[in-house]
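Asker: Here is my input; please provide its structure:
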Amino acid sequence: MKYDILIKLITERFPVLGFVICLLSILMATYTIYLGSKAKRFLLKSKWLGIEIKIENLTTEERGKNTLCKKKEMIELEEQGKKK
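Answerer: Alright, predicted model coming up:
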């Protein structure tokens, strides 16, 4: 409701501004579509080149192990830094 009044005011008082906003929204939509197609082409090209892109779906246990390992590594690095 509030936005309808705002849009009406903008288009009646400043028709050029309304037109510019419309053009910008169309431009943003086409750019988003372009980026999506670019990403799809990259994935297809990587398949042709024989590069396999793995998107891993880790379970919660595996995620926990990974974070624990990273924390241990960080603690070890900090201790080495303190010794030097």
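Asker: drop to CA atoms for contacts and neighbour counts, all remaining ones
Answerer: OK.
Asker: Would you mind listing the buried residues in the one helix or strand Ser37 maps to?
Answerer: Here Ser37 sits within helix 15-48, counting by DSSP states H and E. Residues of helix 15-48 classed as buried by neighbour count (16 or more other CA atoms under 10 Å): Gly18.
Asker: and Leu6, how far is that from Ile26?
Answerer: Relative to Ile26, Leu6 is positioned 20 Å away (CA to CA, to the nearest Å).
Asker: likewise Lys40?
Answerer: 21 Å.
Asker: Show me this structure divided up by domain.
Answerer: Listed domain ranges for the chain are 1-53, 55-84 (source: automatic domain parsing).
Asker: worst average pLDDT in those?
Answerer: Among those, domain 55-84 carries the lowest mean pLDDT, at a mean of 67.
Asker: that older thread, counting by contacts, list what the helix holding Ser37 packs against.
Answerer: Counting contacts by 3 or more CA pairs under 8 Å, 6 or more residues apart in numbering; DSSP states H and E, helix 15-48 packs against helix 2-13.
Asker: any idea of the angle the helix it packs on forms with helix 15-48?
Answerer: For helix 2-13 against helix 15-48, the angle by axes from the mean of the first three to the mean of the last three CA atoms, to 10 degrees is 120 degrees.
Asker: which outside residues touch helix 2-13?
Answerer: Identification of contacts with helix 2-13 by CA atoms under 8 Å, 6 or more residues apart in numbering yields 17-19.
Asker: what do you get for stretch 26-45?
Answerer: The contact list for stretch 26-45, computed with CA under 8 Å, 6+ apart, is empty.
Asker: Right, I'll call it a day here.
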